[in-house]
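**Student:** this one's structure only:
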């Protein structure tokens, strides 16, 4: 399966929705960097974003909301926040 901007944005969104953990996001990123087949027209952006996700578990880097917002922007997406009653 080719890795597209939509797939990567979906993984970031899943992390932000607490559907996957940071460790799972990092593991996925590392696997994709080693074995993934990137969508050719977007290879530079995909490589840059996935590389950043791959180091998110290192204390120096981390992964803040702002980081996720910037990564999504690089992929051509804009995150939105919805607040609902618990």
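**Tutor:** Nice, thanks for sending it over. All figures in this text were calculated on a predicted structure; none of them were measured in a lab. Residues are numbered from 1 along each chain as shown.

**Student:** Going by C-alpha atoms from here, please, whenever you check contacts or count neighbours.
**Tutor:** Fine.

**Student:** Can you tell me which helices and strands the longest helix belonging to the chain packs against?
**Tutor:** Longest helix in the chain, counting residues (DSSP state H): helix 22-35. With contacts taken as 3 or more Cα pairs under 8 Å, 6 or more residues apart in numbering; DSSP states H and E, helix 22-35 sits against helix 5-16, helix 43-54.

**Student:** ok and that helix relative to helix 43-54, angle-wise?
**Tutor:** 140 degrees (axes from the mean of the first three to the mean of the last three Cα atoms, to 10 degrees).

**Student:** Need the helices and strands packed on helix 22-35 in TSV (columns: mean neighbour count).
**Tutor:** Shown next, in TSV, are the helices and strands packed on helix 22-35 (neighbours: other Cα atoms under 10 Å):
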stretch	mean neighbour count
helix 5-16	17
helix 43-54	18
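
**Student:** Would you reformat those helices as a markdown table and include mean pLDDT and distance to residue 65?
**Tutor:** Below are those laid out as a markdown table (pLDDT from 0 to 100; distance: least, Cα to Cα, whole Å):
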| stretch | mean pLDDT | distance to residue 65 |
| --- | --- | --- |
| helix 5-16 | 97 | 8 |
| helix 43-54 | 96 | 13 |
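
**Student:** quick one: least confident helix or strand in the chain?
**Tutor:** Lowest on mean pLDDT, DSSP states H and E among the helices and strands of the chain sits strand 37-38, with a mean of 92.

**Student:** what's it in contact with?
**Tutor:** Residues outside strand 37-38 that contact it (Cα atoms under 8 Å, 6 or more residues apart in numbering): 1, 2, 3, 4, 46.

**Student:** For that strand, which strands pair with it and how are they oriented?
**Tutor:** Partners of strand 37-38 in the sheet, by DSSP bridges, are strand 2-3 (parallel).

**Student:** Quick check: nearest residue in space to the residue most central in space within the chain, chain neighbours excluded?
**Tutor:** By Cα atoms, centre = their mean, the chain has its centre lying nearest to residue 12, at 3.9 Å. Spatial nearest neighbour of residue 12, chain neighbours left out: residue 68 (6.9 Å); criterion: Cα to Cα, 6 or more residues apart in numbering.
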